[in-house]
Every structure is written in C-alpha cells, then in structure tokens.
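Asks: quick one, what's the 3D model for this:
(2 chains)
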Amino acid sequence: DTAVSQTPKYLVTQMGNDKSIKCEQNLGHDTMYWYKQDSKKFLKIMFSYNNKELIINETVPNRFSPKSPDKAHLNLHINSLELGDSAVYFCASRPNDRGSTEAFFGQGTRLTVV
Amino acid sequence: AQSVTQLGSHVSVSEGALVLLRCNYSSSVPPYLFWYVQYPNQGLQLLLKYTSAATLVKGINGFEAEFKKSETSFHLTKPSAHMSDAAEYFCAVSELRSGNTPLVFGKGTRLSVIA
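Replies: Numbering: from 1, shown residues only, chains lettered A, B, ... in the order given. Next up, the predicted model:
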C-alpha cells in the first residue's frame, strides 16, 4: 500500500539508449515532482507538475521529458542517455504547490549508464 | 531565492551522546522548514517540519528542531544518539506564498554513530 511508488528501482543501460521511469501516487495529491540525487547526495529539483500542468522546469536538458497522463502519475522519459545521467531519481508528491506542506517521496530509481 | 546551508557534511557521535545537525536558511519571505532522513537505498522520510506555529518542533524518533528567525537557523537535535540514527539528514526550505514552491534541499549531513 505504498503512497508514492516508482518503477523500476534499478535501471542499468547503455549510453545512447532511451529509457522511462514511472511514478504513481495514491494520496490524491495535486502536485508531483522529479528530483535528481547525484553521487554526493545532493538533491536537485528537475520538474514540478500541478494538476497535470508543468509548473517548473529547471535547467534540465531537452533529453528529459516528463509526462503526466493524470494527476496520480508522473513519468520521466530520457532520450539518448549519457554517462552523466547516472544518478538516483526521486519522484515526490505534495497536497498542493503551496509552501506549508511536506513532500512524500518514492523509494528512488538508481539509474546507471554504462 | 531560497537556499539552505548545512554545516558539516559528516558528523560522528558516540552512542548516547547529543546529536546536533546544523541548518541555516536564506529566504526573502517567511519560510517553511523541514528535516528529512534518508537511510541507505531508501527514499526520504519526513522527521519534522516548521510551519510558523511553535518555534520548537518535535518530530519522530526523538528528534526536535528550533526555529530561530534572528539566526536564520533550524538546527536538528536529539539528546541521545542510537545506532539506528546513522543515516543521511537533509534540511529543506519552502516559502510562504502560493504556487511554485518546491522544497529546496541542503547538501545533506551524514550522521555516523559509534558504539
């Protein structure tokens, strides 16, 4: 009965491939995010969606394309994978995009590009 | 723009000793502040949050934090460390306004507990 679930948990792929990471939340939240955690554990916001609409798109390469088919899902598709894309990607959800509420995180997807 | 600075990327304490993890924030408007914990190969779990009510906030697992506006700080403490507290701890800030306020995280502090 996981609140925010991501699949897959681990992903190993070759440079140049295209891959997707899926995220689903069953909390009824309006806002969802993708964060990237690098090898030094630094967490950086990538995208923010509110009610299926893209709100924030930080300086992320165009190879990364988020898609939100409905309020409960936010998937991340990555084209032409590069070695530097290796990281842990976290999906998170929040009741709304106002400041006072905490975000709930998935377990993360460890992406390794070889 | 909002930001968070966590002093000390690695803190080591003995079991039973006081835990103090430091967090200073920068925000142009009143902030909301959060502490999260990350155990190895897991996601982030909320420890506690400050949302402009009481300045001393109690969280899970015996942790607490005090919001000090004059010092722009939100340090995390626990009176007595347990081995199970060893993890990565993140301080995060969000702003008091409507819309477009994702959590902005500090760089994290790894807590080691020595038996």
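
Asks: B:Arg110 bridge partners, please.
Replies: Applying DSSP bridges to B:Arg110 gives these bridge partners: B:His10, B:Glu88.

Asks: tell me, how many residues neighbour it?
Replies: By other CB atoms under 10 Å in any protein chain shown, the residues close to B:Arg110 number 16. To be clear about C-beta, it is placed using only N, CA and C from the backbone, and glycine gets the same treatment.

Asks: how about B:Gly43?
Replies: 19.

Asks: do I have it right that it meets A:Gly106?
Replies: Yes. Under the criterion of CB atoms under 8 Å, B:Gly43 makes contact with A:Gly106 at 5.5 Å.

Asks: okay, and the common contacts of these two?
Replies: Counting by CB atoms under 8 Å, 6 or more residues apart in numbering or on different chains, the common neighbours of B:Gly43 and A:Gly106 are A:Val4, A:Phe90.

Asks: center of the chain - which residue?
Replies: Chain wasn't specified; assuming chain A. With distances taken as CA atoms, centre = their mean, the residue of chain A nearest its centroid is A:Trp34 (3.0 Å).

Asks: oops, chain B please
Replies: By CA atoms, centre = their mean, chain B has its centre lying nearest to B:Trp35, at 3.3 Å.

Asks: that residue and B:Leu18, how far apart?
Replies: Distance, B:Trp35 to B:Leu18, using CB to CB, to the nearest Å: 16 Å.

Asks: hmm, back to that, what helix or strand is the residue nearest to the centre of chain A on?
Replies: Using DSSP states H and E, the element containing A:Trp34 is strand A:31-37.

Asks: wait, does that strand contact chain B?
Replies: Yes. Contact of strand A:31-37 with chain B (CB under 8 Å from any CB of the partner chain) involves A:Tyr33.

Asks: could you pull up the mean pLDDT of that strand?
Replies: Strand A:31-37 carries an average pLDDT of 95.

Asks: so whichever helix or strand comes after that strand versus strand A:31-37, what angle?
Replies: As assigned by DSSP H and E, the chain's next helix or strand after strand A:31-37 is strand A:43-50. On the basis of axes from the mean of the first three to the mean of the last three CA atoms, to 10 degrees, strand A:43-50 is oriented at 160 degrees to strand A:31-37.

Asks: report the buried residues of the helix or strand just after strand A:43-50.
Replies: Elements were assigned by DSSP H and E; along the chain past strand A:43-50, the next helix or strand is strand A:53-57. For strand A:53-57, a neighbour-count test (16 or more other CB atoms under 10 Å in any protein chain shown) marks A:Ile55 as buried.

Asks: next, the angle from strand A:53-57 to strand A:31-37.
Replies: 30 degrees.

Asks: just to revisit the earlier point, name every strand pairing with the strand or helix carrying the residue nearest to the centre of chain B and say which way it goes.
Replies: Per DSSP H and E, B:Trp35 falls inside strand B:31-38. Here strand B:31-38 is paired, per DSSP bridges, with strand B:44-50 (antiparallel), strand B:87-95 (antiparallel).

Asks: comparing those strands, which comes out most buried?
Replies: Across the strands paired with strand B:31-38, averaging neighbours per residue (mean count of other CB atoms under 10 Å in any protein chain shown) puts strand B:87-95 on top, at a mean of 24.

Asks: which residues touch it?
Replies: Residues outside strand B:87-95 that contact it (CB under 8 Å, 6+ apart): A:41, A:43, A:99-100, B:2-4, B:6, B:21, B:23, B:25-40, B:44, B:47, B:74, B:76, B:101-106, B:108-111.
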